[in-house]
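>>> sharing a model that was predicted from the sequence below.
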Amino acid sequence: MAFIQLNYPSGALQQNTDVSIILPDPPGGAHVSPGQAYQTLYLLHGTYGDHSDWWRKTALERYAQEACLAVVMPSCGNAFYQDMVHGPKYKTFLLEELPAYLRSILPLSPRREDTFIAGLSMGGYGAMHLALSKPGQYAAAASLSGVMSFSRLARQPQADQPWPIQAIVGSISPAAIDRSQRNVVVQARSLKNRGIPLPALFLSVGTEDFTLKDNRDGVGRLRRLGVKVTYEEHPGAHTWAYWDTHIQRVLAWLPLRGDLVEI
C-alpha cells in the first residue's frame, strides 16, 4: 500500500495545501498497468479537521486496502467547502482543480461510476453539497452526522464560533442561505425539476448525535421530493467511534469493484 502526503501550490486556494492519499496494493500483488485505474473516494473532514483526521483516527487504511479503493483526503479549513467571498475557493478546488491534478499524476479513474465523495459532520454536508453541485462527476455521496444547510450557524455571534460565516457568504442572510444552492434540499429540488439524475445518497447519524433532528427533517424533505435516500440511524454520538464504524457501512454501500478498473 502507498500512503502519500502531498503538498502542492493550489491556484484555487492561492496557497500551498496538504492532501493525504491512500493507494492500496492491487489484489494478488499485481502492478497497475496502462489502462487500469483505481475507483476513488474523496473523503472530507469536519470542523477543526484537516487531511490527517481520517487516517489518524480510524482504520481507514485497512478498509481501503480491503476494498481496493483509492482515498483522497484534502485540507479545507472551516469554510463548509464553499468558494469563500473573502478567502480561498474550496469548492472550485475540490470540484475542478484537485481531481484534474491528481488524475494527471496518479492512476485514478476519471469516470463518474468510479468516483465517490463522503465526509463527516461539516464534511458530510460538504459531500452532499459538492455531489449535487456537479452530479455528473460523482456516482454517490455519503454523509455521516452531517446537515443540509449551515444557515443556523449564521444566526450565532461570530465571535463564538470557528466558522467565518461572513467571510464565507458575505452579507447574505440566514434565510437567503436556506433558499440558495448552498442548501442541499434546494439543490436536489433544482436537479429534479430539470430532470438531471442525482448521485446515490447515503446518510447515517447516531441516535445520541446533536444533528439527529436535522438529519430526520432533511431526509423527510428529500423523500417528499422523490429523492431516493439510504438513511440509517444507529446508537452513537458525534464521535470518531461512530464514524470509524459507519465509514465501513459507507464502503459496503458503494458500488465498489474490489479491483482495478479498465479505463
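Yep, that arrived. Numbering: from 1, shown residues only.

>>> going forward, measure contacts between C-alpha atoms and count neighbours the same way
Noted.

>>> pLDDT score assigned to residue 170?
Note on residue 170: pLDDT of 80.

>>> residue contacts, it?
By CA atoms under 8 Å, 6 or more residues apart in numbering, the contact list for residue 170 reads 85, 86.

>>> could you redo the last one with a cut-off of 6 Å?
Applying CA atoms under 6 Å, 6 or more residues apart in numbering to residue 170 gives the contacts residue 85.

>>> from residue 106, how far out is it?
Using CA to CA, to the nearest Å, residue 170 is found at 37 Å from residue 106.

>>> could you dump the helix or strand containing residue 17 to PDB, C-alpha only?
Using DSSP states H and E, residue 17 falls within strand 15-23. The C-alpha trace of strand 15-23 is given here as PDB (Å, rounded to 0.1, in the frame of the first residue of the first chain):
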ATOM      1  CA  GLN A  15      -1.700  28.900  -1.100                       C
ATOM      2  CA  ASN A  16       0.100  25.600  -0.600                       C
ATOM      3  CA  THR A  17      -2.200  22.900   0.600                       C
ATOM      4  CA  ASP A  18      -2.000  19.400   2.100                       C
ATOM      5  CA  VAL A  19      -3.600  16.300   0.700                       C
ATOM      6  CA  SER A  20      -3.300  12.700   2.100                       C
ATOM      7  CA  ILE A  21      -3.900   9.900  -0.400                       C
ATOM      8  CA  ILE A  22      -4.200   6.100   0.100                       C
ATOM      9  CA  LEU A  23      -3.400   3.900  -2.800                       C
END
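
>>> ok, which stretches of the protein are strands?
2-10, 15-23, 36-37, 39-44, 69-74, 115-120, 140-144, 200-206, 229-234, 261-262 (DSSP state E).

>>> mind putting those into a markdown table with distance to residue 184?
Shown next, in a markdown table, are the strands of the chain (distance: least, CA to CA, whole Å):
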| stretch | distance to residue 184 |
| --- | --- |
| strand 2-10 | 27 |
| strand 15-23 | 25 |
| strand 36-37 | 31 |
| strand 39-44 | 16 |
| strand 69-74 | 21 |
| strand 115-120 | 14 |
| strand 140-144 | 12 |
| strand 200-206 | 11 |
| strand 229-234 | 13 |
| strand 261-262 | 31 |
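
>>> deepest in the core, which of those strands is it.
Most buried of the strands of the chain, by mean neighbour count (mean count of other CA atoms under 10 Å): strand 140-144, with a mean of 29.

>>> pLDDT below threshold where in the stretch 101-250 of the chain?
Residue ranges of the stretch 101-250 of the chain with pLDDT under 70: 154-159.

>>> change it to 90
Low-confidence segments of the stretch 101-250 of the chain (pLDDT under 90): 150-180.

>>> for the nearest residue to residue 205 once chain neighbours are set aside, which residues are in contact?
Leaving aside its sequence neighbours, residue 205 sits nearest to residue 145 (CA to CA, 6 or more residues apart in numbering; 4.7 Å). Applying CA under 6 Å, 6+ apart to residue 145 gives the contacts 120, 121, 205.

>>> if I look at the last one, how far off is residue 229?
Relative to residue 229, residue 205 is positioned 13 Å away (criterion: CA to CA).
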